[in-house]
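Q: Predicted structure and sequence below. I'll ask about it afterward.
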Amino acid sequence: MLRRPRLLIVGCGDVGLRVLRLLGRRWHVLAVTHSPERRAALRAAGATPLLADLDDAATLARLARLADAVLHLAPPTPHGGHDRRTAALLAALARGGVLRLVYASTSGVYGDCGGERVHETRTPNPSTDRACRRVDAELRVRSYARASGARATILRVPGIYAFDRTGGDPRERVRRGAPTLAEADDVYTNHIHADDLARACIAALARGPAMRAIHVCDDDASKTGAYLDRIADRCALPRVPRVTRELAQQHLSPLQMSFLGESRRLDNTRMKRELRLVLRYPSVDVALDALGRAVTRPASA
């Protein structure tokens, strides 16, 4: 009997758990966690938990030669311009055995594009330290793949949402009522449903091209205010106030303002053509339709 291929998930949070649910028993999954308290939840989801800490390189040695493929979903180091976590992980994996590596990066690597449509061939131009750390991680992943022969694919991901996702339910953003920019100052935003992102991760493990960056986003690039208005209207919530950029700076944190300082529309043709991914939620409206059906479905259905 052939053994199941081994997949190592690094950063097995919400999206990682969605990947686990979709994989079933096709892979033997190992999930890295630095928290002993999470081991029971990971076992219940079908993974073998491994205690390791990306901020403590000594704990990563055991990861060498454990898996055929690695799905790297962990956030980068929280400070500075370099991602020491990815560096430590790849150093541990450098002893060999990994045939496939998928890294979830961010569309923030492009910086502000003035609302232009962006393809993966555009040169990254990060404008924040956190985006610089992602660019650094991407370069490290490519370097590791060239040196090891592993097939590496980079997924550039925008805002992740789902109505059952802690910290990622767009209705909560509307309910808080924090202002967004008036139309004259507004920026284009991009999103992906967490379930579609999980499916994209699995597709990339199966057929992601080597040394390739791929946007994982839905079809619904709209301005932030219009996006929030649609959610408010569909959910019978008050629309959030619209203010000038100057007034927004008085009410929003520097982190929130940094997201409102970048405008781009991601092209997802490569995702559809090369990953052959058919989106279940091509827009937030489709996701809201599905949510409405789930809420009104009889309990016995």
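A: In hand now; what should we look at?

Q: Around Met211, count how many other residues there are.
A: 12 (other CB atoms under 10 Å). From N, CA and C alone the C-beta is placed, and that goes for glycine too.

Q: how far away is it from Arg122?
A: 16 Å (CB to CB, to the nearest Å).

Q: Now do the helices in this protein.
A: 14-23, 39-44, 84-93, 129-148, 170-176, 194-207, 224-234, 245-251, 254-259, 269-274, 284-296 (DSSP state H).

Q: can you list these in a markdown table and add distance to Ala58, mean neighbour count and mean pLDDT?
A: Below are the helices of the chain laid out as a markdown table (distance: least, CB to CB, whole Å; neighbours: other CB atoms under 10 Å; pLDDT from 0 to 100):
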| stretch | distance to Ala58 | mean neighbour count | mean pLDDT |
| --- | --- | --- | --- |
| helix 14-23 | 23 | 20 | 96 |
| helix 39-44 | 20 | 14 | 95 |
| helix 84-93 | 9 | 22 | 97 |
| helix 129-148 | 19 | 20 | 97 |
| helix 170-176 | 39 | 16 | 95 |
| helix 194-207 | 28 | 22 | 98 |
| helix 224-234 | 43 | 19 | 96 |
| helix 245-251 | 43 | 13 | 90 |
| helix 254-259 | 32 | 13 | 88 |
| helix 269-274 | 37 | 15 | 98 |
| helix 284-296 | 43 | 14 | 86 |
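
Q: Spatially nearest residue to Gly177 (excluding sequence neighbours)?
A: What sits nearest to Gly177 in space, not counting adjacent residues and going by CB to CB, 6 or more residues apart in numbering, is Val240, at 5.7 Å.

Q: Based on its surroundings, how many neighbours for that neighbour?
A: By other CB under 10 Å, 20 other residues sit near Val240.

Q: is it true that it touches Arg230?
A: No. Val240 is beyond contact range of Arg230, at 11.8 Å (criterion: CB atoms under 8 Å).

Q: returning to that earlier point: export the helices of the chain to a markdown table and tack on distance to Leu66?
A: Formatted as a markdown table, the helices of the chain follow (distance: least, CB to CB, whole Å):
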| stretch | distance to Leu66 |
| --- | --- |
| helix 14-23 | 16 |
| helix 39-44 | 15 |
| helix 84-93 | 9 |
| helix 129-148 | 15 |
| helix 170-176 | 37 |
| helix 194-207 | 16 |
| helix 224-234 | 41 |
| helix 245-251 | 47 |
| helix 254-259 | 35 |
| helix 269-274 | 28 |
| helix 284-296 | 36 |
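
Q: my guess is Arg3 contacts His28, does it?
A: Yes. Arg3 is within contact range of His28, at 7.5 Å (criterion: CB under 8 Å).

Q: higher neighbour count, these two?
A: His28 (17 against 7).

Q: Do I have it right that Pro238 meets Ile231?
A: No. If you go by CB under 8 Å, Pro238 and Ile231 don't touch, sitting 11.4 Å apart.
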